[in-house]
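K.L.:
Got a predicted model here, sequence first, then my questions.
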Amino acid sequence: MLLSVAVPIPSLDLLTYSVPDGVAAPPVGARVIVPLGARKVTGLVVAQNAGADGHAIKPVVSVLDADAFVPPDLIALAQWTAEYYACGVGDAIPSLLPPMARGARVDAHKTIRMASITAAGQEALNADVLGKRREALELLAAAPLGIATPELVRRGISSDVISRLASRGYVSLRHDRVDRDPFSTGLTRVRDVSDWSDTPQTSLTRVRGVSDQSETPQTSLTRVRPLTSEQDAALARLLKLARAGDFRVALVHGVTGSGKTELYLRLAAAVLDAGRRVLMLVPEIGLTPAVAAQFRDAFGGRVAIQHSGLSDGERHDQWQRIRRGEVDVVVGTRSAVFAPLDDVGLIVVDEEHDSSYKQEESPRYHGRDVAIVRGQRSRALVVLGSATPSMESYYNATTAKYERVVLEKRVLDRPLAAVTIVDMREEMASEGPDVVLSRALVAALGQRLDRQEQSLVLLNRRGFATAVLCRQCAGTLDCPNCSVSLVVHGDGQSRRARCHYCNYTARVPKACPLCAGPYLEQTGFGTERIEREVAHACPGARVARLDRDAIRRKGALANLLSRFRDGEIDVLVGTQMIAKGHDFPRVTLVGVVSADVGLGMADFRASERTFQLLTQVAGRAGRGEQAGEAIVQTLYPGHYSVRLACRQDYPAFYEKEIDFRRKMRYPPHVALINVVVRAGTFAGAMDDASDVAQKLRATDFHVLGPAPAALGRLRGEYRAQMIIKGGKRKAMREALLAALATRPDLKKRVVVDVDPLSVL
Ligand code: ADP
Ligand code: ZN
């Protein structure tokens, strides 16, 4: 028998191996150790009865599991992911494995002890061996290639029993040296490539691993409060869909503060009562620990929460618990879409528009889209929730592909924030060109301080100044490795210029490095400058900043959020991080400095992103008893994404934007594949990209470019870009893969992004 085996090595496709005579074929999902060149690696069986592929086929070295280690439906989901996103199965497989098995370095070795039954052992089985020893021999008799000793331990056979059997000659032990071994605790502990390790620390880190809890399932909510009539109607519709036990996607379009989380909790309870399981995806647990905490409160120990505070060991245990069926609800970020949860009846994708669902490295999958495919395969209800749905999801809701559930009101009839737009051109005309905070915003901040209420101030740009400019030669201080200017961080002594792409840092010079002129000027401002301006404008205010720089230290994020919640901070300045689903009841003012930062970008999603960010951040105000206010500063008060976000008019925005997408042929009207070719020289990158583009053009797809990428140089490499546009992803992908197959030398230098979120 021939097996198709996936090995967790980037850009490798399926490999074929044979099963030696007399060995039972391992099932789909079992781990096998296979030879790969001079090495031995652990792989997963993807299919039995594979066809011969013309190469000399080697036999597997050993079979680690008699049953599936990874559920077969997840193996199929990974295959779908690899195909759809045009990467190797080897890229997708690590997402399926418990954390410690992922990302193991190729050169990390580990010997694994394998036990097999001997002839004497077979004899003994016919005699009077009893108890654990009999159990062990029976297990081994069914596994002619042997079983790894840790696996035997997992199955309740202690190493003591194994050694005793070995000393009697019933069992033989041997050592196999393997790479990428899922058992190699500690040995291959490398940075996890998934979002868990990137997600900042959360207050949930105080919640211990859940493995020691063994509460009985608690499928009814402990804290019951009446739903609003809108929530009630929405829940009734969703329950009906969930109870149908069939695949369906529902878009819950509910304004900020309309109580969507409450709906998810009740829906989850109903699905659990029906005996099925629930997957809850959230953008970043660190930024919104409250959602996870509410699930924990409602469902107790049957909930696994996947967050960055868990150690590799805890994550590994959690994966095993889920796999063993001891968990009914998994709450996690993007990668949790591959959690080994059986019989999923409900998948919720909260804040489905959030860009953190897209993985920006291979496999470049979108968690929401994989969730929909998973839901389809397990006949589940998939709920996409957002106050600002992605264009794709809303489009699917208007074409009736998705069910649409609308929540138009906030709970308890709390009004949406009243929004004032400040035209900064007028402000500059009266206050001078250097004005950063408008008079209206300063006055409003002062009022909040007097009333002991809290404020949020958003600027979606980090740093103190965004560029250093020479007034004599107009030169800028640029990164030597990337085609961007350096951003100034810090003030006074600690001032440094830093590249946001490669982290190159330099001292801010006194004279221009190009013309030696002494007229260097810092231009553009970021969150650090705003923090200082607010402190200056509001003496006595307790001001803090929340952005990626401010939370580098472990625990800093949880600390900031809890200080703000406890009222120890009056004004929180920050990037889009402050716009995420927080629920701070004492915030009554949201200020937006430069609402148009994102609009300058040559990206087809610029307006959509701006609209989402402004709507979301305005939604943070007035969530408690007091009404909220938002003050939005902009140079383009007439731009539709600014204007309509201020009116919180999603449908009007959608109409305008979908029209633009239709005219310009952008998603959701067409599909895109973004292809970037990297090379050591600019000409090299362009030549290689042109070659691929030419081959693609022969196939009548629309190809834009190649052209130098917007970020033409990154970490010392030049980048050329082309965009394939068309109606049929599958055909586009196949044409691209065929074109790339003619240039195997490019394999390591091409980035293929199917359904890119950004084409910059
Ligand atoms: P969304 O996710 O839609 O922005 P949330 O789920 O965070 O909204 O709910 C907003 C606030 O309203 C939360 O503080 C939540 O506890 C509260 N809430 C939700 N449903 C109800 C209800 N039926 N009655 C009272 N308060 C509610
Ligand atoms: Zn750089």
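P.N.:
Everything's here; your move. Just so we're clear, the structure is a prediction, and the values are computed from it rather than from any experiment. Ligands and ions are numbered 1, 2, ... in the order given.

K.L.:
what about the closest residue to G169 other than its chain neighbours, neighbour count?
P.N.:
Nearest in space to G169, with sequence neighbours left out and distances taken as C-beta to C-beta, 6 or more residues apart in numbering, is A120 at 4.8 Å. Where C-beta positions appear, they are placed from N, C-alpha and C, glycine not excepted. Other residues near A120 number 13, with proximity taken as other C-beta atoms under 10 Å.

K.L.:
Check A86 too.
P.N.:
Applying other C-beta under 10 Å, we find 22 other residues in the vicinity of A86.

K.L.:
Output the set of residues of the protein in proximity to ligand 2.
P.N.:
Counting by C-beta under 5 Å from the ion, the chain comes close to ligand 2 at 479, 481-482, 499, 501-502, 504.

K.L.:
The nearest residue to T149 once chain neighbours are set aside: how many residues sit nearby?
P.N.:
Distances taken as C-beta to C-beta, 6+ apart put R113 closest to T149, at 4.5 Å, once the chain neighbours are dropped. R113 has 16 neighbouring residues, counting by other C-beta under 10 Å.

K.L.:
can you pull the contacts of R113?
P.N.:
By C-beta atoms under 8 Å, 6 or more residues apart in numbering, the residues touching R113 are 148-149, 173-175.

K.L.:
Likewise for G385?
P.N.:
With C-beta under 8 Å, 6+ apart as the criterion, the residues that contact G385 are 251-252, 254, 260, 263-264, 348-352.

K.L.:
Wait, a strand at it?
P.N.:
Yes - the assignment for G385 is a strand, going by DSSP: H, G, I helix; E, B strand; the rest coil.

K.L.:
thinking again about what came up before, check the gap between the residue nearest to T149 and H175 for me.
P.N.:
Counting by C-beta to C-beta, to the nearest Å, the gap from R113 to H175 is 6 Å.

K.L.:
Let's verify the residue nearest to T149: helix, strand, or coil?
P.N.:
Here R113 is strand, with the state taken from three-state DSSP.

K.L.:
Quick check, K510 in contact with G517.
P.N.:
No - with the criterion set as C-beta atoms under 8 Å, K510 and G517 do not qualify as a contacting pair; they are 10.5 Å apart.

K.L.:
So for those two, which residue has more residues nearby?
P.N.:
G517 (13 against 7).

K.L.:
what sits against that one?
P.N.:
By C-beta under 8 Å, 6+ apart, G517 lies in contact with 470-473, 511.

K.L.:
Show me what from the stretch 401-550 of the chain comes close to ligand 1.
P.N.:
For the stretch 401-550 of the chain, the residues in contact with ligand 1 under the definition C-beta under 6 Å from any ligand atom are 411-412.

K.L.:
Would you map the strands across the stretch 401-550 of the chain?
P.N.:
In chain order, the stretch 401-550 of the chain shows strands spanning 403-407, 418-423, 454-458, 465-470, 487-489, 496-498, 505-506, 520-525, 543-546, with DSSP state E, counting those that start in this stretch as the criterion.

K.L.:
could you dump those to a markdown table with mean pLDDT and mean neighbour count?
P.N.:
As requested, the strands of the stretch 401-550 of the chain are exported to a markdown table (pLDDT from 0 to 100; neighbours: other C-beta atoms under 10 Å):
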| stretch | mean pLDDT | mean neighbour count |
| --- | --- | --- |
| strand 403-407 | 96 | 19 |
| strand 418-423 | 94 | 18 |
| strand 454-458 | 96 | 26 |
| strand 465-470 | 92 | 20 |
| strand 487-489 | 96 | 23 |
| strand 496-498 | 95 | 20 |
| strand 505-506 | 94 | 14 |
| strand 520-525 | 91 | 17 |
| strand 543-546 | 97 | 21 |
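
K.L.:
and those strands as a markdown table, adding distance to R155?
P.N.:
Listed next are these as a markdown table, based on distance: least, C-beta to C-beta, whole Å:
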| stretch | distance to R155 |
| --- | --- |
| strand 403-407 | 44 |
| strand 418-423 | 62 |
| strand 454-458 | 53 |
| strand 465-470 | 59 |
| strand 487-489 | 54 |
| strand 496-498 | 52 |
| strand 505-506 | 53 |
| strand 520-525 | 62 |
| strand 543-546 | 48 |
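
K.L.:
List the residues that contact the residue nearest to V406 when sequence neighbours are not counted.
P.N.:
Using C-beta to C-beta, 6+ apart and skipping residues adjacent in sequence, the residue nearest V406 is H253, 5.2 Å away. Contact partners of H253, counting by C-beta under 8 Å, 6+ apart, are 386-387, 389, 394, 397, 404-407, 650.

K.L.:
Just give me the closest of those residues to E568.
P.N.:
When the contacts of H253 are compared for distance to E568 (C-beta to C-beta), A387 comes out closest, at 28.3 Å.

K.L.:
State the distance from the closest one to D603.
P.N.:
Counting by C-beta to C-beta, the gap from A387 to D603 is 22 Å.

K.L.:
Looking at the two, which is more packed in?
P.N.:
A direct count of neighbours by other C-beta under 10 Å for A387 and D603 places A387 higher, at 23 against 17.

K.L.:
The closest residue to the more buried one other than its chain neighbours: neighbouring residues, count only.
P.N.:
Take A387 and drop its neighbours on the chain: the residue closest to it by C-beta to C-beta, 6+ apart is T256, 4.6 Å away. For T256, the tally of surrounding residues (other C-beta under 10 Å) stands at 24.

K.L.:
isn't there a helix covering T256?
P.N.:
No - secondary structure assignment places T256 outside any helix; it is coil (three-state DSSP).

K.L.:
residue contacts, it?
P.N.:
Neighbour list for T256: 387, 410, 416, 615-616, 618-620, 623 [criterion: C-beta under 8 Å, 6+ apart].

K.L.:
between the residues you listed, which is nearest ligand 2?
P.N.:
When these are compared for distance to ligand 2, the smallest value, 29.6 Å, is given by Q616; criterion: C-beta to the ion.

K.L.:
That closest one should be in a helix, yeah?
P.N.:
Yes - the assignment for Q616, made by three-state DSSP, places it in a helix.
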